[in-house]
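Q: okay, structure incoming, though there's no sequence with it:
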């Protein structure tokens, strides 16, 4: 792995790690009151665009980070729709 | 601008736009109880790494997005330290 991708993977691990506790907290507490569905949808589409961009720029770091984050964002949308009904 | 950067800028606008309401909400409400300082610090270092990566990959989209987000993350850390004291 070259030095550029070492920095990229460091970034990928740090920003992904910072996002996962939100998913865990939402899953455990089922409190989705502070989550905005339009914002989650914007974010989800944005992450999909970053993922496509990662493939176009031939960036393993971006593909890794955004593949994990797209699943996290999808789960938050699912929680918001499911738990928000109550 | 080529098609790769059009996708990148779309991603940059969407994910940055999804993050700004959190900064605004925290600034208005001064409620930092649900923000974790270690997580914010991890996220901040991660964004700095993405910014360096953006320069190394010669990616205008990543440089734009992460320049804005690094300021947002810094503000959240500042709010957490300042408002968290009360």
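A: Sure thing, it's come through. Because the structure is predicted, anything quoted here is derived from the model rather than measured. Numbers count the residues shown, from 1 in each chain, chains lettered A, B, ... in the order given.

Q: for the rest of this, base every contact and every neighbour count on C-alpha atoms.
A: Noted.

Q: for residue A:40, give me its contacts.
A: Residue A:40 makes contact with A:73, A:76-77, B:18, according to Cα atoms under 8 Å, 6 or more residues apart in numbering or on different chains.

Q: for residue A:14, same thing?
A: Residues in contact with residue A:14 (Cα under 8 Å, 6+ apart) are B:42-43, B:45-46.

Q: repeat that for 6 Å
A: B:42-43, B:46 (Cα atoms under 6 Å, 6 or more residues apart in numbering or on different chains).

Q: what's the burial count for the closest residue to it other than its chain neighbours?
A: Nearest residue to residue A:14, sequence neighbours excluded (Cα to Cα, 6 or more residues apart in numbering or on different chains): residue B:46, at 4.8 Å. By other Cα atoms under 10 Å in any protein chain shown, the residues close to residue B:46 number 26.

Q: same thing with residue A:58?
A: For residue A:58, the neighbour count with other Cα under 10 Å is 12.

Q: tell me the SS of it?
A: Classification of residue A:58 by DSSP: H, G, I helix; E, B strand; the rest coil places it in coil.

Q: and it, how close does it get to chain B?
A: Between residue A:58 and chain B the distance is 10 Å, computed by Cα to the nearest Cα, to the nearest Å.

Q: and that residue, what's its pLDDT?
A: With respect to pLDDT, residue A:58 has a value of 94.
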